[in-house]
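Colleague: Structure, please.
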Amino acid sequence: MIAEATSLDLVTRIVSNGSWGKTKASATRMAGKLAGAGLRELNISTGKDHQEWVPHESVVNAAEAAFNAGVLTLLTVEADTAESDKLSALARDPTIKSLRDRGLLLQSNSWMSFIAKGEEREHVLHTGRRATPCEQIHNNIAITPYGEVSACCGLTLEHIPEMKLGTMAEGVSNIYLRQHDDFMKYWLRMDGPAEIVRKVMGIERADQLLAGSVHICHDCAVLHKNPEIREKISATYEQFVPEVMSRYALASAVDQIVEKQGAQ
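Modeller: Numbers count the residues shown, from 1 in each chain. Alright, predicted model coming up:
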């Protein structure tokens, strides 16, 4: 699949837990296959929950092998609890320190709990009122391990059925094009989920509904799953269609001009 995408001049990325890095040898074999297929980026997710199944050593082996194979490598670590220090342990690891000096990337992601009594996490990003458009929609073709074609590769994908477009057996191109009849995808692309909630619910109510949300993907899950928001969007979305689609068309035209100028 990666080789096919590469042959079509598409940029490829894999999100993995690094389980194939159990030994340095297994990590090197897999990294060689991925690099040979043309993989552009590897994003290894780890942290307290991940490391119950895939230990620190496997993550380090996978990251080292991929980086040395020439693949852009990013380690993304869950925000820690008060009792865990997975991020600092990786930052202290001699191999990771050396790789970071050479260009490996290490970051911490906000933790999003979908259970009523989730653990408290440190390093959570509190960014106030987000008004960020979703750059995933229409830009990515995401393939899950189950052969599903999805509209995004966001952190809350499994919690938003509307982001699942179909299966590979139906044809990736056909599935991808289905979302072009979905106004919400255009709206997310232009305004982002938090801004949509504010526009339909009002700022005060939106702040209440989004309280505790720590990431744009978390905002998106709230937008899609909250019954009050869904009902209000269903009743009012048509009034937003002309303005949103006009902005989308203008932005697309500008992008095409810039792309043509860059190709000259």
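Colleague: any low-confidence regions in this structure?
Modeller: When residues are selected by pLDDT under 70, those of the chain lie in 80-84, 110-129, 155.
Colleague: Go ahead and report the secondary structure state at Asp9.
Modeller: Recorded secondary structure, Asp9: coil (DSSP: H, G, I helix; E, B strand; the rest coil).
Colleague: distance of it from Glu135?
Modeller: 20 Å (Cβ to Cβ, to the nearest Å). C-beta coordinates here come from the backbone N, C-alpha and C atoms, glycine included.
Colleague: Same question for Asn226.
Modeller: From Asn226 over to Glu135 (counting by Cβ to Cβ), the distance is 23 Å.
Colleague: Could you do Leu72 as well?
Modeller: 18 Å.
Colleague: just Ala66 next, same as before
Modeller: According to Cβ to Cβ, Ala66 stands 24 Å off from Glu135.
Colleague: before we move on, what SS does the residue sitting nearest the centre point of the chain have?
Modeller: What sits nearest the mean C-alpha location of the chain, by Cα atoms, centre = their mean, is Gly154, with 3.2 Å. Three-state assignment for Gly154 (three-state DSSP): coil.
Colleague: That one and Cys220 touch, don't they?
Modeller: Yes. Between Gly154 and Cys220 there is a contact under Cβ atoms under 8 Å: 6.5 Å.
Colleague: Now for the two: what residues contact both?
Modeller: Residues touching both Gly154 and Cys220 by Cβ atoms under 8 Å, 6 or more residues apart in numbering: Cys134, Ile160.
Colleague: Now name the helix or strand holding Thr73.
Modeller: Element membership for Thr73, per DSSP states H and E: strand 72-78.
Colleague: The residue nearest to the centre of the chain and Tyr186, how far apart?
Modeller: Separation of Gly154 from Tyr186 (Cβ to Cβ) stands at 17 Å.
Colleague: Tell me where the stretch 51-200 of the chain has strands.
Modeller: Taking DSSP state E, counting those that start in this stretch, the strands of the stretch 51-200 of the chain run over residues 72-78, 105-109, 142-143, 148-150, 164-167.
Colleague: right, so of these, which gets closest to Ser213?
Modeller: Closest to Ser213 of those is strand 105-109 (Cβ to Cβ; 13.9 Å).
Colleague: Quick one: list the elements packing against the closest one.
Modeller: strand 72-78, helix 86-92 (3 or more Cβ pairs under 8 Å, 6 or more residues apart in numbering; DSSP states H and E).
Colleague: For it, buried residues please.
Modeller: The neighbour-count check on strand 105-109 (16 or more other Cβ atoms under 10 Å) flags Leu106, Ser108, Asn109 as buried.
Colleague: Can you name the residues in contact with it?
Modeller: With contacts defined as Cβ under 8 Å, 6+ apart, strand 105-109 is touched by 45, 72-80, 87, 90-91, 96, 100, 123, 155, 215.
Colleague: Taking the residues you listed, please make a ChimeraX selection of just the buried ones.
Modeller: If you want just the buried ones from these in ChimeraX, going by 16+ other Cβ under 10 Å, the selection is:
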select :45,73,74,75,76,77,78,79,80,87,90,96,100,155,215
